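Enquirer: sharing a model prediction with you, sequence too.
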Amino acid sequence: MSPQPLPVPVTVLLVEDDALTRRALSLAIESDPYFKLAACFDSVAPALEWLAEYSADILLTDLGLPDGTGIDIIHACVRAHPRCDIMVVTMSSDEANVLACIEAGASGYVLKDAGRLDVVRALKDLRAGGAPMSPAIARMVLARVRGKKRAVPQPEAEAEAETEAGVEAEVIDTPALTKREATILDLIARGDTYGEVAKLLEVSVGTVQTHIKNIYSKLSVHSRGEAVFEAHRRGLLQMKKPLSAAGEAGSE
C-alpha cells in the first residue's frame, strides 16, 4: 500500500524572529510545490492575531521570540485549529522546553544547529503523520521515558496511600486501549507515518486514522505529540517491535 498523496497546497504559518533564518525557511517552503507560505511573522503578537482570523495546515515556529515564546502560539493554535500540525524549529535543546512544547501540542521538534536542516522533508514527514525530531531530542525523550520506568519504589505505606488517593482512580477513569490501538500508539511514538503504520498492519490509512481518533479520545489529547507524551506519562508504551499484522488478526 503506497502512502496517501499530500493535498496541494499544504499551507504553512511561519514564526521566526531571526531575519536570515526566516528568509531561508520561507524560500525552502515556497520552493516546493506541495507547500504554500500562508503567512510569516517575527513575533508572538501578530501570529496570535492572524490565528484568531485565519488557519493553516502547519504551524512552524521558533521557541524564543522577542515578545514571548512559541509555546504561547502553540497553545493558541491548538485551541483555535486542533487539526493543524505543529513543529518547533529552535536552538534550544533544554529538556523543559522540549517537554513543554510536546505537552502543548507540538508533534515535531528540530534543532537549527543540527547540521543542514531539510525543513521541507521534515514538514512532509510531519504532514504524513510522522513526528520529526532531531536525534539529540529523540534520545532525550527516550532517556526520560526509560528513567521513569526505573523509578525507585516508594515506601509501602506511601505507595498504598497514593494508590488509594489517585492511581486507582486514574485507571478507572481512563478507558483501556485495545491491542491494536496500543500497537498503533507504539508505532507513531517511534516516528512511523500513518501510511507506514497502515502498510505494516495491512489496513487502510483511513482505518489507522479512526484508531488514532479513538486513542486521542481515550487519552483526552488533540495531537500526536500530546498522545505520545501522555502515553509516556501513563506508562502505556511498550517501545518494542510490534507484532505482525497476522499475529494481531481479530484484535481490531
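Expert: Perfect, I can see it now.

Enquirer: quick one, phi psi at residue 39?
Expert: phi -170, psi 160 (degrees, to the nearest 10).

Enquirer: how much space is there between it and residue 15?
Expert: Separation of residue 39 from residue 15 (CB to CB, to the nearest Å) stands at 9 Å. From N, CA and C alone the C-beta is placed, and that goes for glycine too.

Enquirer: any common contacting residues for these two?
Expert: Both residue 39 and residue 15 are in contact with residue 47, where contact means CB atoms under 8 Å, 6 or more residues apart in numbering.

Enquirer: these two: which is more packed in?
Expert: Taking other CB atoms under 10 Å, residue 39 and residue 15 do not tie; residue 15 has more neighbours (27 against 15).

Enquirer: skipping adjacent residues, who's closest to the more buried one in space?
Expert: residue 61 (4.2 Å; CB to CB, 6 or more residues apart in numbering).

Enquirer: cool, residue 205 as well?
Expert: In space, residue 205 is closest to residue 198, 4.6 Å off (CB to CB, 6+ apart).

Enquirer: who touches the one you found in this structure?
Expert: For residue 198, the contact set (CB under 8 Å, 6+ apart) comprises 1, 204-205, 207-208.

Enquirer: low-scoring stretches of this protein, by residue?
Expert: Low-confidence segments of the chain (pLDDT under 70): 1-7, 113-117, 142-175, 223, 238-252.

Enquirer: tell me where it has helices.
Expert: Counting by DSSP state H, the chain has helices at residues 19-30, 44-53, 70-80, 95-104, 119-127, 135-149, 156-162, 168-173, 179-189, 194-201, 205-219, 224-234.

Enquirer: helices or strands next to the third one in the packing?
Expert: The one in question is helix 70-80. strand 10-15, helix 44-53, strand 58-61, strand 85-90, helix 95-104 (3 or more CB pairs under 8 Å, 6 or more residues apart in numbering; DSSP states H and E).

Enquirer: what's that helix in contact with?
Expert: Contact partners of helix 70-80, identified using CB under 8 Å, 6+ apart, comprise 13, 15, 44, 47-48, 51-52, 55, 59, 61-64, 84, 86, 88, 90, 100-101, 104-106, 222-223.

Enquirer: where does that helix sit relative to the chain's centre, distance-wise?
Expert: Taking CA atoms, centre = their mean, to the nearest Å, one finds helix 70-80 lying 14 Å from the centre of the chain it belongs to.

Enquirer: now swap in the fifth one and tell me
Expert: How far helix 119-127 lies from its chain's middle: 13 Å, per CA atoms, centre = their mean.

Enquirer: just how off-centre is stretch 227-240 within its chain?
Expert: 13 Å.

Enquirer: in it, which residues are buried?
Expert: 227-232, 236-237 (16 or more other CB atoms under 10 Å).

Enquirer: now swap in stretch 81-98 and tell me
Expert: 81, 84-90, 92, 97-98.

Enquirer: ends of it, what's the gap?
Expert: 21 Å (CA to CA, to the nearest Å).

Enquirer: save the helices of the chain as JSON lines, and put in distance to residue 112 too.
Expert: Below are the helices of the chain laid out as JSON lines (distance: least, CB to CB, whole Å):
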{"stretch": "helix 19-30", "distance to residue 112": "7"}
{"stretch": "helix 44-53", "distance to residue 112": "19"}
{"stretch": "helix 70-80", "distance to residue 112": "13"}
{"stretch": "helix 95-104", "distance to residue 112": "13"}
{"stretch": "helix 119-127", "distance to residue 112": "10"}
{"stretch": "helix 135-149", "distance to residue 112": "12"}
{"stretch": "helix 156-162", "distance to residue 112": "41"}
{"stretch": "helix 168-173", "distance to residue 112": "38"}
{"stretch": "helix 179-189", "distance to residue 112": "25"}
{"stretch": "helix 194-201", "distance to residue 112": "27"}
{"stretch": "helix 205-219", "distance to residue 112": "30"}
{"stretch": "helix 224-234", "distance to residue 112": "19"}
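
Enquirer: thank you, goodbye.
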